[in-house]
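Colleague: the sequence and its predicted three-dimensional model are supplied below.
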Number of protein chains: 2
Amino acid sequence: MTIAPGLLPEGYRDRLPPQAEAASRLLHRVIVAIGRHGYDRVTPPLAEFEESLVGRLKSARAQDLLRFVDPVSQRTLAFRPDITGQVGRIAVTRMGHRARPLRLAYGGPVLKLRATQLRPERELTQAGAELIGSDGLAAVIECLSVAIEALETAGVTGITVDLTLPDLVETLAAGPMHLPADRIDAVRELLDAKDAGGLAALGAEAYLPFIAAAGPLDTALERLRALDPAQALDSRLAAIETIAAAIGNRATLTLDPTERHGFEYQSWIGFSLFGEGLSGEIGRGGSYTILHPDGREEAAVGFSLYLDPLVDAGLGAEPRRRIFLPLGSDAAAGRVLRGQGWTTIAALVEGDDPAALGCTHIWNGTETIEL
Amino acid sequence: MTIAPGLLPEGYRDRLPPQAEAASRLLHRVIVAIGRHGYDRVTPPLAEFEESLVGRLKSARAQDLLRFVDPVSQRTLAFRPDITGQVGRIAVTRMGHRARPLRLAYGGPVLKLRATQLRPERELTQAGAELIGSDGLAAVIECLSVAIEALETAGVTGITVDLTLPDLVETLAAGPMHLPADRIDAVRELLDAKDAGGLAALGAEAYLPFIAAAGPLDTALERLRALDPAQALDSRLAAIETIAAAIGNRATLTLDPTERHGFEYQSWIGFSLFGEGLSGEIGRGGSYTILHPDGREEAAVGFSLYLDPLVDAGLGAEPRRRIFLPLGSDAAAGRVLRGQGWTTIAALVEGDDPAALGCTHIWNGTETIEL
């Protein structure tokens, strides 16, 4: 079967004008906004040794790598499905000896093996920040603030932050709602799947009401307190309230204590980001632990933003003032006009049509005339 | 063999601070500079069906594709070694009906199968512009001017443009220095390889002196005229002189009439770009013909810039004013400082060390104090 000219593989696409420029502009703005908070940019390569990437992903994600054999090294390489793991690698190797907290930013394309119904694209633009050396409350609040500011810079309004408590089950199981250590993972997974029958079969019915303790922050906190008379969750809930006090005026906060958003590696807090009129999750993050080559563990917190839904919703587009320069126009005049913010379209031959070329104005040699 | 943590495949690298930011800044600047001349950005995907990419590359380059089997489509895909061909595809398919001349810009990573001695990297950043619908003198001068302006914006000085005459042999062979049509390609290749013996064996010794007619523009033009008493090259040489008049004040011009710079598909003019203190070629371009799906041919001219040598030479780096915000600093003060161009580094805990975190200043609650 011959491929029709212009046909692309499923999940790959061309960005055309004006969306291609909007995508580029949004990535630039987001990275600059993150950088202003001291996050220095790193740019890992598009591909790495498969085992390097696998080592930093949990099992479910390792299966999702797009692999190829590199004819030069004769080894299997894989395209990054995510940049976070690469930034972690840099933080513990080439930048392992830099002062902490280490603040790093990144942005670029990632390739997914498979699309999802919500995200039919397999090439996505990811940008984000990682703060390595702390997963304390101040670090989490900084990351959330930077993420919100970056999204605001990109034009996102009506931002919602959905908080999660990744170690909810461990915390409760170590206290009043005892569970044998070997059942903790199973209960987490059943809660994540909202599987009431499975929880009952495991004798963990007491955890079931926590699924329903989700929603707007105040309501969710009230329900959680009612479910936790022994106050095992007190420090977590106090932290959530401190976060709410810090960012509650810039985003709507919700809490879904048993949700994991597909993350398997977060420590005490996770979050997903949503924006008004934007389809699906536009960012996620949380606290986690990073492993050094010498076995030492280091606390970290970070977030990733996915910019394609923003572009698809029309954010980042800016109308350009396009002016036509007729044949014989002075090159210096063009330079001046570009310096004033004009996009100049120079005539190449006598027949060039200013309107067909998208010009809104024409240069008559001394001034700009509206078409 | 286990891969050491942090080891990357040959030819792949991490860009660290401050080079990563410089690379991002240079790409952004170059694309914005190109865009100001009416070149609208398009962003093709990182990979395509192998046969789509091969169809737009000459044989020598098709062997250089980095291929992989896509588990979803069960077809062989390849990573783009170059973006120009993809932009050509877009120009004749999805943008085939847009008004001409069609001006398109692009920028992003490309992946080479093999490194070269001069360029040990296999992941490179390419940016450029294609003007589709004309390969006339005005179009070539515009492209050269835009390329030079983009490089200047990126901080390149001492720019040299090395011009080539891709159809030199065809032009001469059709006139006074007759060659059978089936020998033209062979003579072009022997000239490109500067193979005097080969030319003699083919009875084409008369072409040999053209190799030496290379150098600074004035000298080269003089030698070419002496080698062309029948004036077969007159229109070409007049065109070169017009180009020199247009851009000679912004770049040093040289002419290497028999050089092909690895290009096999250019029509009447080609060029390579060099910059003072930068290793190797930093850009290339020329006129060419693009094929529509219906078989129609269209003239085009364009250029590509390779930004990695600029980054490696330290261009695009900008010292940042980093100010430390001690614990308890007002969030609003941070916003004001960032708005003034400061990069703010917020203390997370009492022990955070401003100097170790790269700060040059500290905020005392009312003013900026130099450290």
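Modeller: That came through, no problem.
Colleague: next helix or strand past the worst-scoring helix or strand of chain A on mean pLDDT?
Modeller: Every helix and strand of chain A was ranked by mean pLDDT, DSSP states H and E. The lowest is helix A:59-62, at a mean of 60. Tracing the chain past helix A:59-62, the next element assigned as helix or strand by DSSP states H and E is strand A:66-70.
Colleague: what pairs with that next one, and is each one parallel or antiparallel?
Modeller: Note on strand A:66-70: by DSSP bridges, its sheet partners are strand A:75-79 (antiparallel).
Colleague: quick check: next helix or strand after the partner strand?
Modeller: Assigned by DSSP H and E, the successor of strand A:75-79 is helix A:84-92.
Colleague: run the angle between the very next helix or strand once past that following helix and strand A:75-79 for me.
Modeller: Using DSSP H and E, the helix or strand that follows helix A:84-92 towards the C-terminus is strand A:102-111. Calculated by axes from the mean of the first three to the mean of the last three C-alpha atoms, to 10 degrees, strand A:102-111 forms an angle of 100 degrees with strand A:75-79.
Colleague: who's in contact with the closest residue to A:Glu142 other than its chain neighbours?
Modeller: For A:Glu142, ignoring the flanking residues on the chain, the nearest one in space by C-beta to C-beta, 6 or more residues apart in numbering or on different chains is B:Ala346 at 5.9 Å. Glycine gets a C-beta too; all of them are placed from N, C-alpha and C. When contacts are counted by C-beta atoms under 8 Å, 6 or more residues apart in numbering or on different chains, B:Ala346 touches A:His37, A:Gly38, A:Ala138, A:Glu142, B:Leu325, B:Ser329, B:Gly334.
Colleague: including secondary structure, pLDDT and distance to B:Gly283, could these go into TSV?
Modeller: What follows is the contacts of B:Ala346, written out as TSV (DSSP: H, G, I helix; E, B strand; the rest coil; pLDDT from 0 to 100; distance: C-beta to C-beta, whole Å):
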residue	secondary structure	pLDDT	distance to B:Gly283
A:His37	coil	98	35
A:Gly38	coil	97	34
A:Ala138	helix	97	47
A:Glu142	helix	98	41
B:Leu325	strand	98	42
B:Ser329	coil	95	46
B:Gly334	helix	96	41
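Colleague: which of those tops the neighbour count?
Modeller: Counting neighbours by other C-beta atoms under 10 Å in any protein chain shown, A:Gly38 leads the contacts of B:Ala346 with 27 neighbours.
Colleague: which residues does that one contact?
Modeller: A:Arg103, B:Arg322, B:Thr343, B:Thr344, B:Ile345, B:Ala346, B:Leu357.
Colleague: next, the nearest residue to the first one once chain neighbours are set aside: phi, psi?
Modeller: Meaning A:Arg103. In space, and not counting its chain neighbours, A:Arg103 is closest to A:Tyr39: 4.3 Å by C-beta to C-beta, 6+ apart. Recorded main-chain torsions at A:Tyr39 are phi -90, psi 110, according to degrees, to the nearest 10.
Colleague: mind listing what the closest residue to chain B within the stretch 101-250 of chain A touches?
Modeller: Nearest residue of the stretch 101-250 of chain A to chain B: A:Ala138, at 4.4 Å (C-beta to the nearest C-beta). Contact analysis of A:Ala138 by C-beta under 8 Å, 6+ apart lists B:Ala346, B:Leu348, B:Val349.
Colleague: list just the nearest of those to A:Asp70.
Modeller: Set against A:Asp70, the nearest of those by C-beta to C-beta is B:Leu348 (40.5 Å).
Colleague: can you get me a residue count around the closest one?
Modeller: Per other C-beta under 10 Å, the neighbour tally for B:Leu348 reads 20.
Colleague: please report the distance of the closest residue in space to it that isn't next to it in sequence from A:Ile269.
Modeller: Leaving aside its sequence neighbours, B:Leu348 sits nearest to A:Ala138 (C-beta to C-beta, 6+ apart; 4.4 Å). Here the criterion is C-beta to C-beta, to the nearest Å. By it, A:Ala138 lies 13 Å from A:Ile269.
Colleague: what do you get for A:Val69?
Modeller: 40 Å.
Colleague: go on, A:Leu118?
Modeller: Distance of A:Leu118 to A:Ile269, computed by C-beta to C-beta: 24 Å.
Colleague: how about A:Ile159?
Modeller: Distance from A:Ile159 to A:Ile269, by C-beta to C-beta: 17 Å.
Colleague: the more surrounded of the two?
Modeller: It is A:Ile269, of A:Ile159 and A:Ile269, that has more neighbours when counted by other C-beta under 10 Å, with 24 against 21.
Colleague: quick check: phi and psi on that one?
Modeller: Per degrees, to the nearest 10, the backbone of A:Ile269 is at phi -150, psi 140.
Colleague: list the contacts of it.
Modeller: A:Val140, A:Leu163, A:Thr164, A:Leu165, A:Pro166, A:Ala239, A:Gly286, A:Ser287, A:Val301.
Colleague: which parts of stretch A:307-318 are buried?
Modeller: Using 16 or more other C-beta atoms under 10 Å in any protein chain shown as the test for burial, stretch A:307-318 gives A:Leu307, A:Asp308, A:Pro309, A:Leu310, A:Val311, A:Ala313, A:Leu315, A:Gly316, A:Ala317.
Colleague: so the first one makes contact with A:Thr153?
Modeller: No: the pair A:Leu307 and A:Thr153 does not pass the contact test of C-beta atoms under 8 Å, sitting 11.6 Å apart.
Colleague: now for those two: what residues contact both?
Modeller: Shared contacts of A:Leu307 and A:Thr153, defined by C-beta under 8 Å, 6+ apart, are found at A:Val30.
Colleague: where does the residue nearest to A:Ala196 when sequence neighbours are not counted land on pLDDT?
Modeller: Of all residues not flanking A:Ala196 in the chain, A:Leu208 sits nearest, at 5.6 Å (C-beta to C-beta, 6+ apart). pLDDT recorded at A:Leu208 is 93.
Colleague: what's the neighbour count on A:Leu208?
Modeller: That count, for A:Leu208 with other C-beta under 10 Å as the rule, works out to 16.
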